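Peer 1: here is a sequence together with a model predicted from it:
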Amino acid sequence: MGKTEENVKEESTMKKAAAMLWKYLLGGIIPTYVLTFFLMIMSSYITATIVTLPVEKLNLIHDDNPVLSTGMSYLGSIGMWGAILIIYLLFRRQRAYLKKLIRKINKRTVICLIIGLFIGVGLNITCILAAIIHKDIYLYFNDFSILPCLFLLVAVFVQSSSEEVLCRGFVYRRIETFYKMPIVPIIANSLLFAILHLLNPGVTVVSILNIFLCGILFSILYYYTGNLSLCYTGHMGWNFCQSIIFGLPNSGVVVPYSFMKLEASNARDSFFYNCAFGVEGTEFSVIVLSIACIIVIILGQKKIINNGNKSEEN
């Protein structure tokens, strides 16, 4: 018995639906997520080879050297840069992006680096000052030296830029090849960015929402400018200000060395501060980051900042 015209149309519709499901979900987002976790495993081996094992053999980490211990906690992300570079070198289609990723620093790049730093530091200080004014936290001066400051600045940059080159670089660019709507790679890479922090100490629904919003902010900055430099230093500015300058939990982790220290016994949970996760775990941070996202979108729609899809990344 032959197939009716109606059955043929139904089968054709189902095949098209399956093809779209493969292309737009299984073919784009899920494999990208899987590749990302593979890259993370690869990066851990690279870090162990070039950082962790040499440091352990030289016995450089001691309890009486908090600066080095802090720096090493951030330099542990350097393996991600190595993993990303290997992927770009192995796959010919990715080499064009690699050239943009490591091209010479020019005037536009420097400007983006500075603007990104101001964005990250400005947003984080806004959240911290609110907690201080509300008397949720009390800080005291601990220590400051130029060389440790420079060393930790580089270390935090390595950690922050590695997360950005993974999420806003590799993940964003791979997913956008499957979708015409930019909202999809923006949300997809930001969601993965939040997922990667699920096991952090003191994590809550609000803190994950904040990390997701950070991902959205850096993603739309990249979308409108086409320049990852803003994301590198924006991320670094937030982390360095929060962790190294003020000594507060950075995504739930408190490092051994910071310029200032928190009187933990006097800290309290509130609308402006979360004792376990810091300012990143608060409703106030949700508001600040949401406003920042809206401002960037408005500036981008009005062409006040360059559209990254029409300008070459520098």
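Peer 2: Thanks, I have the structure now. This structure is a prediction, so every number in the text was calculated from the model and none was measured. Numbers count the residues shown, from 1 in each chain.

Peer 1: what about residue 302, how many neighbours?
Peer 2: 8 (other Cβ atoms under 10 Å). C-beta: built from backbone N, CA, C; applies to glycine.

Peer 1: just read off the phi/psi values of it.
Peer 2: phi -90, psi 10 (degrees, to the nearest 10).

Peer 1: do the same with residue 171
Peer 2: Main-chain torsions, residue 171, degrees, to the nearest 10: phi -60, psi -50.

Peer 1: and if you look at residue 250?
Peer 2: Residue 250 adopts backbone torsions of phi -110, psi 100, taken as degrees, to the nearest 10.

Peer 1: which ones are touching it?
Peer 2: 239, 242-243, 278, 280 (Cβ atoms under 8 Å, 6 or more residues apart in numbering).

Peer 1: from the residues you listed, which is closest to residue 159?
Peer 2: residue 239 (7.0 Å; Cβ to Cβ).

Peer 1: packing partners of the host helix or strand of the closest one?
Peer 2: If you go by DSSP states H and E, residue 239 is part of helix 228-239. The contact analysis (3 or more Cβ pairs under 8 Å, 6 or more residues apart in numbering; DSSP states H and E) places helix 228-239 against helix 107-133, helix 146-164, helix 205-225.

Peer 1: of all those, which one comes closest to residue 78?
Peer 2: helix 146-164 (5.2 Å).

Peer 1: quick check: angle from that closest one to helix 205-225?
Peer 2: Per axes from the mean of the first three to the mean of the last three Cα atoms, to 10 degrees, the angle that helix 146-164 makes with helix 205-225 is 80 degrees.

Peer 1: which element follows helix 146-164 toward the C-terminus?
Peer 2: helix 172-176.

Peer 1: quick one: the helices in the stretch 1-150 of the chain?
Peer 2: Assigned by DSSP state H, counting those that start in this stretch, the helices in the stretch 1-150 of the chain fall at 5-21, 29-47, 53-58, 66-75, 78-90, 95-101, 107-133, 146-164.

Peer 1: residues in contact with the last one?
Peer 2: The one in question is helix 146-164. Contacts of helix 146-164 (Cβ under 8 Å, 6+ apart): 43, 67, 70-72, 74-81, 84, 193, 196, 218, 228, 231-233, 235-236, 238-240, 243-244, 257, 259.

Peer 1: how would you label residue 261: helix, strand or coil?
Peer 2: At residue 261 the chain is in strand, as set by DSSP: H, G, I helix; E, B strand; the rest coil.

Peer 1: so what's it up against?
Peer 2: So residue 261 contacts 139-142, 247 (Cβ under 8 Å, 6+ apart).

Peer 1: and what of residue 239?
Peer 2: 120, 156, 159-160, 250.

Peer 1: okay, now residue 141: neighbour count?
Peer 2: So residue 141, with other Cβ under 10 Å, has 8 neighbours.

Peer 1: ok, residue 134 next?
Peer 2: As a burial measure, residue 134 scores 14 neighbours (other Cβ under 10 Å).

Peer 1: so it touches residue 272, yeah?
Peer 2: Yes. Applying Cβ atoms under 8 Å, one finds residue 134 in contact with residue 272, separated by 4.8 Å.

Peer 1: hey, what's the closest residue to residue 281 other than its chain neighbours bridged with?
Peer 2: Distances taken as Cβ to Cβ, 6 or more residues apart in numbering place residue 274 nearest to residue 281, at 3.2 Å, with adjacent residues excluded. Beta-bridge pairing for residue 274 (DSSP bridges): residue 278.
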